[in-house]
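Trainee: Okay, predicted coordinates and the sequence, questions at the end:
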Amino acid sequence: MFFMISVVRVPRQSSRLAIVFAVLLGLLALAGPAMATDVVRWYRFDGCDPSTSAFSSQQQTPETFACGSLGVYYVGDQGLSYTSACLHQVHGEEAPALYLAQHNPRFMPSAGEWFPCRQGNCFGRRSQPWAAVIDWNQGHGWSVAGTLSAVAGSGLDLMLYPLDAGGSTFDTKGASDLDVLVQLCAVAEYVHQNPSDPPLVVNMSFGRLYDSGISSLFQSRGQVALQDEIHTVLGHLQSQLGIHLVAAAGNHGRLLFPASDSYVMAVGGMDIEEYVDAGTVSKALQAPTAAQALLPAYGLYLKEGTASTYWPVPPGSSYASAFASGWLGGFMADQSLRPSNISLTPSSTLEPVKVSTDYLLVLDSQTLSGSDLPGAAEVAAPVLEHVSSVCNASTLTTVTTSVSSVTPSLPTSSSADLAGSNNLPLPNTRPCVPCHGYQDTPGLRIKLPESEGFPSGQTLAALLLRVGSSYYEITDTSVISDFEDGLIDELLLTGVGSISTGTSVELVYELSLTSYGSFWDSTPVHMHN
């Protein structure tokens, strides 16, 4: 059994709308890791399609889904058994690994109709080139698609393949490897039925830690793990159908799956401070080393048409991936190119470059002529040029506290490690959305007026500031409590000292989750000169 609790957090300004979001935390302690999700048994048939009457089950008739030329899957509970002369190709039995839960639109802005993908209204076909977005049909999916759409422009259609599609077998315990397989197969099946209309790109702004040992375990008993079956389908999409696959690399220095798959381009966040200071592209501290594609992942805003109202994009490689997919897809659509027309491989490097007043995409050290999309420049320019006027708040209440230099003793586990070791959904721990940093005489001023607190069930045990390789601790318990609850508009930290231009800065958190121990997370601070 797997519990969900919905939590309402009321923002500090009464004029804001209350944001309702769900977290798969708290009551998980009653279930335990072994019961985080149910065991499923699955079979794949190719060239031989049995009837459902050939299966017996403890609970239900198996569900089926087609996967193009790879065949048809039959999925049921652990007691599912099959007796027929129709031979299956592969099968497996496991509790599918879980991904970040996004059950409510936490990331939706309150501004309303202008948002590029309000309530998912950016999805649909208009007989144009298109991109597939595998994501939640909730706030995360809508904001990822909104970012992708804003970058690509109106010439690229988007189609959602929802991880939370539902079903008696699928998505009963949260999005998992099984849901990812279902939606990847839906893309493959569409292309199988419509071979002249493949998507230009498939965006996957989600991930989990890859279990390197589970494959050999399954092989030892003559089965296939779901992560290996996902690899097979990814290979079919990329190498056989020629579709470009893009995924979020991760935000904790470790490459997530499916970005880690050999058929997928992993997109990480670039170090904004170094780019502004030296004009060079390098990975942000949070980005995995293996991420070769680097695009802005924090400090981003989406603009309300021609008005001066902006929506702050949550920090993270989910949005760097959307940026890459939108830029690639919009470029190919504008230039009437098919995926085979550009030499993009999963190991390609990808980065932005400013040429005169435009921003272009650089692929494997080659600047792509015609990639100067207006939408890409509109989203990239404010963050890459340190424009500070995008912050909507004008009058802020400042909380001042001193910090002291420390040698941190953070938990060894990140939030991704915690999720992977217990088969939990990746915890949502991004309160700084985004943080803007300004140096002045008293110290470091951090504006965070759009930020919310931590989800219920998480306790903030320590709050630190990292400047380059140095750490400073905030010890005022009232400040820590207010930061945990999202009650601080602006934080003035004294005792930090001078920060050199180009130095990366972030807030680092030590958090505890009932019955699952402590873990760390962090959020970059977008510095302004």
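Mentor: Noted; the coordinates are in hand. In this text, all values refer to a predicted model and were calculated from it rather than measured experimentally.
Trainee: Okay, now the unreliable bits of this structure?
Mentor: The chain contains residues with pLDDT under 70 at 1-37, 58-60, 101-115, 166-173, 304-308, 388-394, 427-431, 529.
Trainee: Select the longest strand from it.
Mentor: The longest strand of the chain (DSSP state E) is strand 517-528.
Trainee: In that strand, which residues are buried?
Mentor: Buried positions in strand 517-528, judged by neighbour count with 16 or more other C-beta atoms under 10 Å: 518, 519, 520, 521, 522, 523, 524, 525, 526, 527, 528. Quick note: C-beta positions are derived from backbone N, CA and C, even for glycine.
Trainee: Output the contacting helices and strands for that strand.
Mentor: Counting by 3 or more C-beta pairs under 8 Å, 6 or more residues apart in numbering; DSSP states H and E, the packing neighbours recorded for strand 517-528 are helix 272-278, helix 415-422, strand 435-439, strand 505-513.
Trainee: what's the closest of the ones you listed to residue 67?
Mentor: With C-beta to C-beta, the closest approach to residue 67 among these belongs to helix 415-422: 26.3 Å.
Trainee: The closest one packs against which elements?
Mentor: Contacts defined by 3+ C-beta pairs under 8 Å, 6+ apart place helix 415-422 against strand 517-528.
Trainee: what about the residue nearest the centre of the chain, which helix or strand?
Mentor: The centre of the chain sits closest to residue 318, judged by C-alpha atoms, centre = their mean, with a distance of 3.1 Å. Per DSSP states H and E, residue 318 falls inside helix 317-334.
Trainee: Now find how far off-centre the next helix or strand after that helix is within its chain.
Mentor: Note on helix 317-334: by DSSP H and E, the next helix or strand toward the C-terminus is strand 350-355. Counting by C-alpha atoms, centre = their mean, to the nearest Å, strand 350-355 is centred 22 Å from the centre of its parent chain.
Trainee: Go ahead and name everything in contact with strand 350-355.
Mentor: 265, 267, 270, 279, 281, 292-296, 324, 328, 359-363, 367, 372, 376, 380, 384 (C-beta atoms under 8 Å, 6 or more residues apart in numbering).
Trainee: Report the buried residues of stretch 478-494.
Mentor: Buried residues in stretch 478-494, counting neighbours by 16+ other C-beta under 10 Å, are found at 479-480, 482-486, 488-493.
Trainee: Kindly reformat those as JSON lines and extend each row with secondary structure.
Mentor: Below are the buried residues of stretch 478-494 laid out as JSON lines (DSSP: H, G, I helix; E, B strand; the rest coil):
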{"residue": "479", "secondary structure": "helix"}
{"residue": "480", "secondary structure": "helix"}
{"residue": "482", "secondary structure": "helix"}
{"residue": "483", "secondary structure": "helix"}
{"residue": "484", "secondary structure": "helix"}
{"residue": "485", "secondary structure": "helix"}
{"residue": "486", "secondary structure": "coil"}
{"residue": "488", "secondary structure": "coil"}
{"residue": "489", "secondary structure": "coil"}
{"residue": "490", "secondary structure": "strand"}
{"residue": "491", "secondary structure": "strand"}
{"residue": "492", "secondary structure": "strand"}
{"residue": "493", "secondary structure": "strand"}
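Trainee: Which one of those residues is nearest to residue 155?
Mentor: Distance to residue 155 across the buried residues of stretch 478-494 (C-beta to C-beta) is lowest for residue 486, with 38.4 Å.
Trainee: Could you find the closest non-adjacent residue to the closest one?
Mentor: Spatial nearest neighbour of residue 486, excluding adjacent residues (C-beta to C-beta, 6 or more residues apart in numbering): residue 453 at 3.0 Å.
Trainee: Over to residue 175?
Mentor: Closest to residue 175 by C-beta to C-beta, 6+ apart is residue 163, at 4.0 Å.
Trainee: Backbone torsions only: list them for the one you found.
Mentor: Dihedral angles of residue 163 (phi, psi; degrees, to the nearest 10) stand at phi -70, psi -20.
Trainee: any idea how far it lies from residue 274?
Mentor: Going from residue 163 to residue 274 by C-beta to C-beta, to the nearest Å gives 34 Å.
Trainee: Pick out whichever of those two has more residues nearby.
Mentor: residue 163 (26 against 18; other C-beta atoms under 10 Å).
Trainee: burial of residue 311, as a residue count?
Mentor: 24.
Trainee: and what of residue 293?
Mentor: Neighbourhood size, residue 293 [other C-beta under 10 Å]: 28.
Trainee: surely it meets residue 267?
Mentor: Yes. Look at residue 293 against residue 267 with C-beta atoms under 8 Å: they come within range, at 4.4 Å.
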